[in-house]
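In: Okay, predicted coordinates and the sequence, questions at the end:
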Amino acid sequence: MTFIYTLFGTPLGYVMWACYLVTKNIGLAIVIFTVIIRAAMFPLGLKQQKNMAMTQLFAPKLKELQTKYRNNRQKLAEETAKLQREGYNPMGGCLPMVLTLVILFGVLDVVYKPMTYFERFEDVEKGSIQYVKDAAKDIEFRHYLAENGLEEGSDEAKNREKTLSTQYSSLQGEIKAIGVYRNKDYTEEFEERLKEKEGVLERLKSLDEKIVFAGIDFSEVPYVGFAPIILIPVLSFLLSVVQTVLTMYIQKRTSPEAAQQMGGMKVMFYIMPLFSLFIAFQFPAGVGFYWSVSYVLGIAQSVLIFKIWSPEKLKAEAMAALEKRNAGYKAGSVVVIEKDDGEKRSKRMSDMSSSERKEYYRKKLEEARKADLEKYGEVGAGSPDGETEQPDDGY
């Protein structure tokens, strides 16, 4: 799992570092970083809205197919696949959500490793991060023994040392070391351990100052209490609710038929605020702060797209794109037609006369009926009430 965090965190870490060099503050760096990420994802957000408008055009046909083949899932899948070849894309809005989660993994890695990505201790001296973590672990262990009156070789001391070794070698190792340094009971001893590594100590002091933003320590995990840090989970939850309501409203305006068909998926929208609350209480405040800023920018993006690309405009663009696609496909298609004398020859749809196209569609319909009868029996040949499907030139 640590590999996945590092995989996504390393490239994002360079972006965050550039923001940090400009602002000299972790909080402001996260704000600028989030703006950059959201700006890069804006085209995907716009494409998602356009896909919703395109889905609306296919909604009546899809509903018809679902009714017609409600007892024949295989035939329904085949007909749905045909719609997808014509432009219907039910998964078109998933990419932004997937990228959001991927970026979240990267942000987790960056926030958990401020020595690596913000102050870059390794640029001062190789192995300095591990040295700092080892010093923090040793200080915490020694104080634990003294506070509990334990001898170093006792079973409880060994268990505690093993637990600390696991924690400091995990993703939270750097954050935990910073927490030890920021503890006033340990600061003097910590600085004494690092006095021979002056450059590393200077960066640790700098990180200690810049990791606090608006009175909130971004290395600390939020908790319930009367402290500024509680604002992180509260804002994450409230902003998620606003984003959820806004998304449902825009979806209803852009694609009412699709929104109605996704009624059973609405529960997912209500899960997101709870998911945001969970994230804010489980990870350092820096992660929750990024999540909140991302929601603010996401809300602004949704409003901007809704104002500039109204549902009516998106629908008109989708209609034009679909007509162009169908016209180009049909005009450029080469089909084989059979004359009365049995002679077969190829001809473009655009070069066929009206009577030739009608005869071509009639024969294709007959072939489809025979294929359905052979594969599905009489029910598959048409709708449940006996109606046959007529050729359609478009939507």
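Out: Perfect, I can see it now. Residues are numbered from 1 along each chain as shown.

In: State the mean pLDDT of whichever strand or helix holds Glu317.
Out: Assigned by DSSP states H and E, Glu317 belongs to helix 311-332. Here helix 311-332 scores 66 as its mean pLDDT.

In: Going by neighbour count, which residues in the one helix or strand Asp138 maps to are buried?
Out: According to DSSP H and E, Asp138 maps onto helix 128-148. Going by neighbour count (16 or more other CB atoms under 10 Å), the buried part of helix 128-148 is 128-129, 131-141, 144-145. Heads up, the C-betas are built off the backbone N, CA and C, glycines and all.

In: what residue ranges in the stretch 1-150 of the chain score low on pLDDT?
Out: Applying pLDDT under 70 to the stretch 1-150 of the chain flags residues 1, 86, 91-93.

In: which stretches of it form helices?
Out: 2-23, 26-68, 73-85, 94-112, 114-117, 128-148 (DSSP state H, counting those that start in this stretch).

In: packing partners for the third one?
Out: When contacts are defined as 3 or more CB pairs under 8 Å, 6 or more residues apart in numbering; DSSP states H and E, helix 73-85 sits against helix 26-68.

In: tilt between the helix it packs on and helix 73-85?
Out: Note on geometry: by axes from the mean of the first three to the mean of the last three CA atoms, to 10 degrees, helix 26-68 and helix 73-85 are set 130 degrees apart in direction.

In: quick one, helix 26-68 and helix 2-23 angle?
Out: 130 degrees.

In: helices or strands up against whichever helix or strand Met272 is part of?
Out: Element membership for Met272 (DSSP H and E) is helix 266-282. With contacts taken as 3+ CB pairs under 8 Å, 6+ apart, helix 266-282 sits against helix 231-254, helix 285-308.

In: Considering those, which stretch scores lowest in mean pLDDT?
Out: Across the helices and strands packed on helix 266-282, helix 231-254 gives the lowest mean pLDDT, at a mean of 87.

In: Can you mark which positions in that one are buried?
Out: By 16+ other CB under 10 Å, the buried positions in helix 231-254 come out as 231-233, 235-237, 239-241, 243-244, 250-251, 254.

In: Repeat that for stretch 196-210.
Out: Within stretch 196-210, the residues scored as buried using 16+ other CB under 10 Å are 197, 200-201, 203-204, 207, 210.

In: want to try a markdown table for the buried residues of helix 231-254, with distance to Ile175 as columns?
Out: Converted to a markdown table, the buried residues of helix 231-254 look like this (distance: CB to CB, whole Å):
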| residue | distance to Ile175 |
| --- | --- |
| Leu231 | 20 |
| Ile232 | 15 |
| Pro233 | 18 |
| Leu235 | 21 |
| Ser236 | 19 |
| Phe237 | 23 |
| Leu239 | 24 |
| Ser240 | 24 |
| Val241 | 29 |
| Gln243 | 28 |
| Thr244 | 30 |
| Ile250 | 38 |
| Gln251 | 38 |
| Thr254 | 42 |
